[in-house]
Structures are given as structure tokens and as C-alpha cells.
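> Task: produce atomic coordinates for the following.
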Amino acid sequence: MHTQLAVELSPADGYDSWVRQATALARQAPEENAGVGVRIALLATHTTEFLAELLPLAGARAGLNTELLQFPFGQLEQILFDPQTPLREGDYVVLAGTHHDVLDTTEETVRRWVGLWDAAARLGVRAIQLGFAPPAVDTYGPVAWRTTKSRSALVREVNAQLAESAAGRVRFVDVEQLAAQVGLRNWEDPRSWYRVRQPYAADSLPWLASAIADTVASDRGLSARCVVLDLDGTLWGGILGEDGIDGIRIGTGPEGEAFAVFQRYLKSLTERGVLLAVASKNDRDLALKAIAEAPGMALGVDDFTHIVADWRPKSEQLQEISEKVRLGLGSFVFVDDNRAECAQVAAAHPEVRTLTLPASPAKFPATLAALPWLHPGALSEEDFARQRSYQALAAAEESAQGRSLEEFLASLAMEAVVEPINSTTIDRAAQLVAKTNQFNLTTRRHTQTQVLKISEDPQWFAATLRLRDRFADHGIIGVLLAEDGGGVAEIDTLLLSCRVIGRGAEDSLLAAVSEWALARGCSRLVGRYLPTPRNGLVREVYSTRGFVSESESEQGGSVFGYDLTIGALPRSPHIREAQLQHGH
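Below you'll find the predicted structure:
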């Protein structure tokens, strides 16, 4: 239901449209919303009733089932510093102000809001800081942006410092950029500000609600990871099989230029870690030739993780792509100009999020960008390198042909680094915990705040695994969290990115945690396997590494124990350890 809602509803539809749909959503039974449950508290220097009215709808659109906690405006410090505060661990707290709250000194303004972040962190609450929109009317007029004494310049500097300070700590919503999209004079409403302390114009509220919900959804790992595209009518104008390579429209003329701009937008998605693939009903050789050689193409063959062009149903093509790139179909967005094709995919794979493009290619980038599933949230080095990593995997698979598995693994010249989770790696570690499904023994979804607290607790082992080979540096691709329970260390989380499944990289993490447990005097290491529809491939990870099955739960889960008195677990002979460190 919510996939279709996301396609049909846009912030540009305006406040009245959103209110109607929000009212309809409120009438539904709670169990009808299958989204991920989250609790969001609103703490602001202004009234939030109108924003709160739309947040559940924005949440449903992004795949969330939102419970709101509201407080009187102007009570930020009182709520966050109160030892009896009703805020609970695992919730999100939105911190919001206006340009009226920006003081004459940047340092003083930043100090106030960063202090609120610290208070939220002590409560175990994930803070989402809303930036400030500049005033629509500035004394310095047209030169306000270039005059350091102006309110506009002061607001911009505060936003810049908050955004920089937020990295690795809180989520920052760039309200200045949102206001620029809507237009500053349309963003705020002075009448409602003076009447009810409501700073936003009504039609600005869907944009703000969407940005908040999309930020939470991204933090919970709900972002799409692969955009699968049709060719004819999607990446170029015309029909390749009928018009030929010289006849498709791309790069020249009004329509061709629009398709080229869309391709450049798609290429920019790959630069921040979104994968691209093709599912097209076309002759494969001709499609590959067109992508590689058609004049005006902004995308090339190497920009796509996998290309499928044949005459099977699109649902079967997507299944092949899923298996090839090792991502579940729930991570996909399928984009096509043909509504019937989107309907066929949605019927066969309801977990795939589908988008039927509008008639005009000039509207393609904005239509795709408006989807909540492509909200980037926080970006890590691994996101920027993901496309290169997948290209390296393809090269590695090609080199494996005709070799045994042992020969192939040895040829990769793999090198691993296990290191404690810290301020520079917490974003990526939390991202993996939120998103990893296939190689994940328990799929426990700790929030970033919870992972950070675990990493600071001396009773816990909290480490990441970096891996590189002769083809590429894959960055951080693994996480292990384990707790010393007093003589027995239990693995809470063990996961790897799907990109490195089958290489034995998990052995580096298991060896490191077993050494840590031995150093603390533990005699046993315990691991659990909790089955899900997606993680069947890790069912035997523990049993094949010397762990003994000890018990099974009614849900099909299993508990495994390893006797540390016989020594630490071994490492893979095919992976060289580089400067191994321990979590604590």
C-alpha cells in the first residue's frame, strides 16, 4: 500500500492534498500500516501541531509506522535535561528552530543546539537537527548573501557549522535547501507566525514532513540500493529495435537533451552509492552496442552493475539481477515508462518499489528525486566507492572462471583490517546494521545511538572489518558486536556486506572476537542464528567453524557454543591481516 502511496503523493501536491490523505490514513486500523515502527518526538521553539498532522503520512510514504510524541513549544532544554523525561531509548527527537533563534554570534547559537544533541545522546535518543531557513526579507536586500553582517549570512554560517558538527553524531536536515526549492517568500508565513507561532507556510509543511520522515527511513535502512531501468522511452527516446542506434533520440533536440539530463542525474546517483541495472525487452547485443556507442549517451556499460536485455517478463529479469548483484528485491526501485510493465513487476514482486515515469522526459529527474527511497541520509566512503567495488567483483568473477575456489581465493590477494568502531566508522557500522539482510546471523536492528553506546562500553567488543583485494578496496564490509557476560562472551551481531559473501572474511572477525574473549578470561564464546526469509545462507556459519549446537528455539533459532580453552578461532589462510586491533 505504501509503495503506491509514495508514487502517487509528492510534497509538491500541497498542504490541502496532504491533509486529506493524512485524515484517511488516521482512520485506518494500526495493523494496516506494515511499516517499520518508530517513535518520533518533536521539540521546537515554535508550534508543531500542523507539522505533526502530516508526519504520520510522510512516514507511511517512506515505509514507517510513526508514533509521535509532542511537547509544548519552547521546552527543549526542560524536556531533554529532565531526568524523568518521557523520551525513551530508541526514539528519534526532532530539534527545530527558526531564524529568530539565531543569535548575533555564530558560536553561541551552535553551542546551544550541540548541547541539546549531547543531552539527547545521554538519553539514548537519536537527534535529527533541522537547519534554519534564512529570512525572506533581509535588511541588506540583494547583497545579503555576500554581506557577513546580514541575518541571511549569519543563518548560512550557523547551518554550515551545525552540518559539519553533525557528521557521525546526529542527522542534519538541510532546511535552507528545502526553502530554496519552495522559494523563501513561499516558505514562511508571517501571519501564522504572529498569530500562533507557526513559522511555515502551509504548502511548505509537506516538504518538511517528507524530509524528516525520509531521514528517519534512511537511518533505519529503508533506502533503495539499486535502480533498475528500462531502455526504450526511459533512457532514450524511440524504440531501439525499430529505429536502430542512429534513430534513438538522446543528447540532441528538446527531447534528446531531456533524456541526457536524466542520464546524468542517474550517473550522479552511482557516485553516492546507488547501483544501476537494466531490465529491457530488447536484443542483448544491440542494447549493449547502443549503450556503448549511441551518440549523446551520458551513461556507459560500466555504469550498470548488470544489464539484462531479452524477451522474458520483466519480473524474471529482475530476479536475475537480484541474484547477480546479491541484493534482495526489496532493495530495488524499478523504473519504466510503461505502466503495464510496472504492474507486472509489482504483481510478481510486491516488495519491489515501482515507478511509472510521466510522459515528458523533462520531468524524469524530479519525479525520481521526489521518491523517499532515494534519500541518501548519511554518506560514507563505502557509499562513494560502491560502484567501483561492484565493478571489481565482476572482474574477480571473470578471473575465477576455470579455477577451483581455493585457487580463486588465493589469487585475490585479500587483506583485512579489524578495528574498533569509532567516531569515523560509526556511520558505516550503523548503516550495515540497519541494512544487511543476507549475511546477518541475528538481524538485530540497533540504532546508531545504540551502536555508539555499545562501542563505548568496556564490556563489549565492537569492531568493523575492512577488506581490499587486488581489484579494489571494498572499505568497511563487516561488523561484529559481542558482550562479555562474565566468563561467557556472546555474539550479538555478526554481519557482512553481500559483496564479499563466500570469501571467508567472517573468519577475521570471529578470530578477533575469540582473542578478545580469551584476553578477558572467558572460557566460552556463544553465537546465535535467528532465521529470517533472507539469511538462510548463514545457517551453518557457526557449525562449520567448530561451534557446537547447544539448543534451539521454537522460532527455529539455534544457539552455538565454542570452547575457548582449546584456543582462539583460526583465520582464513587466504586473507592477510593488516595491523589487527581489538575493540576494547
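
> Now do stretch 91-104: distance to the chain's middle.
24 Å (Cα atoms, centre = their mean, to the nearest Å).

> quick one: terminal-to-terminal distance for it?
One end of stretch 91-104 to the other measures 32 Å (Cα to Cα, to the nearest Å).

> which stretches of the stretch 451-584 of the chain have low pLDDT?
553-556, 579-584 (pLDDT under 70).

> any idea which element residue 277 lies in?
strand 275-281 (DSSP states H and E).

> what mean pLDDT would you report for the very next helix or strand once past that strand?
For strand 275-281, the succeeding helix or strand toward the C-terminus, using DSSP H and E, is helix 284-293. Per-residue pLDDT over helix 284-293 has a mean of 94.

> now stretch 227-245
The average pLDDT within stretch 227-245 is 93.

> For the remainder of this discussion, apply numbering that starts at 44.
Understood, numbering begins at 44; the last thing we discussed is stretch 270-288.

> export the longest strand seen in the chain as CSV, just CAs?
Across the chain, the longest stretch assigned as strand under DSSP state E is strand 516-527. Output in CSV follows, covering the C-alpha atoms of strand 516-527 (Å, rounded to 0.1, in the frame of the first residue of the first chain):
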residue,chain,number,x,y,z
ASP,A,516,39.4,-1.5,-1.8
HIS,A,517,35.9,-2.5,-0.6
GLY,A,518,36.1,-0.4,2.6
ILE,A,519,34.1,-1.4,5.7
ILE,A,520,32.1,-4.5,4.9
GLY,A,521,31.6,-6.3,8.2
VAL,A,522,30.6,-5.7,11.8
LEU,A,523,30.7,-7.8,15.0
LEU,A,524,29.3,-6.9,18.4
ALA,A,525,29.8,-9.2,21.3
GLU,A,526,29.3,-8.8,25.1
ASP,A,527,31.3,-10.3,28.0
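
> So which bits of that strand are buried?
517, 518, 519, 520, 521, 522, 523, 524, 525, 526, 527 (16 or more other Cβ atoms under 10 Å). (Glycine included, C-beta is placed from N, CA and C.)

> same deal with stretch 531-551?
Under 16+ other Cβ under 10 Å, the buried positions of stretch 531-551 are 532-544, 546-551.

> Next: stretch 139-147.
Buried, per 16+ other Cβ under 10 Å, within stretch 139-147: 139, 140, 141, 142, 144, 145.

> Okay, and which of these map to strands?
Filtering the buried residues of stretch 139-147 for strands - DSSP E - leaves residue 139.

> Select, from the buried residues of stretch 139-147, the two members most distant in space.
The distance between the two most remote of these (Cβ to Cβ) is 13.0 Å, for 139 and 145.

> helix, strand or coil for residue 394?
coil (DSSP: H, G, I helix; E, B strand; the rest coil).

> Let me see the contact set for it.
By Cβ atoms under 8 Å, 6 or more residues apart in numbering, the contact set of residue 394 is 371, 372, 373.

> Next, format these as TSV and append secondary structure.
Shown next, in TSV, are those (three-state DSSP):
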residue	secondary structure
371	coil
372	helix
373	helix
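
> Please pick the buried ones from these.
Buried among the contacts of residue 394 (16+ other Cβ under 10 Å): 371, 372, 373.

> TSV for those, including pLDDT and distance to residue 285?
Below are the buried ones among the contacts of residue 394 laid out as TSV (pLDDT from 0 to 100; distance: Cβ to Cβ, whole Å):
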residue	pLDDT	distance to residue 285
371	84	35
372	88	31
373	84	35
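
> Paired strands for the longest strand of the chain, with orientation please.
strand 503-511 (antiparallel), strand 531-539 (antiparallel) (DSSP bridges).

> And the next helix or strand past the last one?
What it means is strand 531-539. Next element after strand 531-539 (DSSP H and E): helix 549-562.

> Name the residues that touch that next one?
459, 461, 482, 504, 506, 508, 521-523, 525, 527, 532, 534, 537, 539, 568, 584, 588, 605, 607, 610-615, 618, 620, 623, 625-627.
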